[in-house]
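*Asks:* Next come a sequence and a model predicted from it.
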Amino acid sequence: MKYLIDFTALVLLYAIVFFRKWKLKGKDVLLVNTLMYVYLSFVLYFTLMPVITSLPFILNHPYKRMNMVPFVDVLTGRGDFIRQILLNIIMMIPFGFLFPITQNHAVGFYRTVFFCFFICLSIELLQPLINGFRSADITDLITNVTGGMIGYVLHIAFSPITSWVLARLRK
């Protein structure tokens, strides 16, 4: 039920604010921006939700400081670190791929990596604030940004196909 409130808010935000705005710009813009919006909604689902129902309780638990030792789980053999690393990389590949396409101007590697870093850092710092049982980890930040980099490389590799598809939608 808690997640339903967040998803309802995201759907309403899309319907009221973004859909009309993007639709006016063409089918290609609507498709790419909608894909990015749905993707970011799922990132929020896996990293921060439930948000709205957690807001009244943000100050009811201590804030856990970020683990600043990179790959400490790998070094100590704790938990399912390989799965976590792979999931963190995979989670941000779509961002690196879609972000340059959603921009009106050419976006390079460094700009994409900067925005990927900024979003991932924001998520990492908010996780322990919104949910007292979550913690922030530098390894997550490193692996997320690595995923964004891989996504950008895939964006470059597939840009002829992407451009062709988007051109067909413009007609």
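*Replies:* Cool, the structure landed.
*Asks:* which residues touch the worst-scoring helix or strand of the chain on mean pLDDT?
*Replies:* Across the helices and strands of the chain, mean pLDDT, DSSP states H and E gives its lowest value to helix 72-76, namely a mean of 88. Residues outside helix 72-76 that contact it (CB atoms under 8 Å, 6 or more residues apart in numbering): V69, R78, G79, F81, Q84, I85, T139. In short, each C-beta sits where N, CA and C put it, glycine included.
*Asks:* run the last query once more with 7 Å
*Replies:* Helix 72-76 is contacted by residues G79, F81, T139 when judged by CB atoms under 7 Å, 6 or more residues apart in numbering.
*Asks:* three-state assignment of the first one?
*Replies:* This means G79. Per DSSP: H, G, I helix; E, B strand; the rest coil, the local secondary structure of G79 is coil.
*Asks:* Which of the helices or strands spans H105?
*Replies:* Counting by DSSP states H and E, no helix or strand carries H105.
*Asks:* same thing with L31?
*Replies:* helix 27-47.
*Asks:* buried sites along that helix?
*Replies:* By 16 or more other CB atoms under 10 Å, the buried positions in helix 27-47 come out as D28, V29, L30, V32, N33, M36, Y37, Y39, S41, V43, L44, T47.
*Asks:* now do stretch 52-62
*Replies:* Residues of stretch 52-62 classed as buried: S54 (neighbour count, 16+ other CB under 10 Å).
*Asks:* One more: stretch 95-110?
*Replies:* Residues of stretch 95-110 classed as buried: F95, G96, F97, L98, F99, P100, I101, V107 (neighbour count, 16+ other CB under 10 Å).
*Asks:* For I16, give its distance to L40.
*Replies:* I16 sits 17 Å away from L40, going by CB to CB, to the nearest Å.
*Asks:* now L12
*Replies:* Counting by CB to CB - L12 and L40 are separated by 16 Å.
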